[in-house]
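Trainee: Test case, fold it:
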Amino acid sequence: MERLEIIKRARSYLSQMTQGINPLTGEQEPDDSILHQVRIVRCLAYTVEILDEVIAAGGEVRRKTTSGKKLPFSLTDEQLDSIPTSSAPIPVSTLVQQCNALIPEDMQRLTYRKVAEWLVSEGMLEVIEQNGQKSHRPTQKGLDMGMTREQRMSPRGETYMVTLLDDACQYHILSHLPQIAGYGEEETEA
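Mentor: Residues are numbered from 1 along each chain as shown. I've put the predicted structure just below:
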């Protein structure tokens, strides 16, 4: 049984117990049962609330920091599964926004830069310099993985090139999010 299903079952049992019901038999416990003591009922109800938060977070327990530092970016398997890949090619920034929409406020955001750096390290993007500005362009490996380039126009009327990801490439990035989120951390910790 999956961890999230176990947590949901535990929550169900505790919820029944707060109502004085034996979760194994479904029967109401007698008035002198421990399940009718106010302090026990409050404790069980509080635990149900905590489990509701854990279930809402996809079964993950998120530790709050007291130092003011944000938690490292991470998504649960359930959160990752909830991100649909688009059949129409999308920019990396759109995929990053979809990921960031699922995280709590006390967590570091995934950045375009981190994803792009990882894609460069994997040989899917290369850094090019044009007119004194650096940008990213798919390599042959990136093109083979489903990246394309498209010319777009900014609100100010300037044209620019954007790298787009097809659904297979979106899936590839999503399946490597833990590596991407931790990319570059090894060097700073050494």
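
Trainee: Please report how far the residue nearest the centre of the chain lies from Glu60.
Mentor: Nearest to the mean C-alpha position of the chain, counting by CA atoms, centre = their mean, stands Leu75 at 2.5 Å. Distance, Leu75 to Glu60, by CB to CB, to the nearest Å: 9 Å. Where C-beta positions appear, they are placed from N, C-alpha and C, glycine not excepted.

Trainee: secondary structure class for Ile103?
Mentor: Following DSSP: H, G, I helix; E, B strand; the rest coil, Ile103 is assigned to coil.

Trainee: Adjust the sequence numbering to begin at 589 for everything that follows.
Mentor: In the new numbering, first residue 589, that becomes Ile691.

Trainee: For it, list the residues it contacts.
Mentor: 661, 663, 697-698 (CB atoms under 8 Å, 6 or more residues apart in numbering).

Trainee: Quick check: buried residues in the helix or strand containing Arg701?
Mentor: Arg701 belongs to helix 700-709 when assigned by DSSP states H and E. Neighbour counts using 16 or more other CB atoms under 10 Å place 702-707 of helix 700-709 among the buried residues.

Trainee: Please work out the average pLDDT along the helix or strand just after that helix.
Mentor: Downstream of helix 700-709, the next assigned helix or strand under DSSP H and E is strand 713-718. Mean pLDDT, strand 713-718: 90.

Trainee: How about stretch 744-756?
Mentor: 90.

Trainee: For the residue of the chain most remote from its centre, give its distance to Gly608.
Mentor: The C-alpha centroid of the chain is most remote from Asp620, which lies 45.9 Å away (CA atoms, centre = their mean). Remark: distance between Asp620 and Gly608 (CB to CB) = 11 Å.

Trainee: Next: Leu663.
Mentor: For Leu663, the distance to Gly608 - CB to CB - is 38 Å.

Trainee: From the chain's centre, how far out is stretch 637-644? Work that out for me.
Mentor: 17 Å (CA atoms, centre = their mean, to the nearest Å).

Trainee: Now that stretch: buried residues?
Mentor: Here stretch 637-644 shows 639, 642-643 as buried, counting by 16+ other CB under 10 Å.

Trainee: Ok, stretch 765-772 next?
Mentor: Those would be 765, 768-769, 771, for stretch 765-772 by 16+ other CB under 10 Å.

Trainee: Stretch 658-670 too?
Mentor: Going by 16+ other CB under 10 Å, stretch 658-670 has these buried residues: 661-664, 667-668.

Trainee: Give me the subset of those residues that lies in helices.
Mentor: 667-668 (DSSP state H).

Trainee: That concludes my questions; thank you for your assistance.
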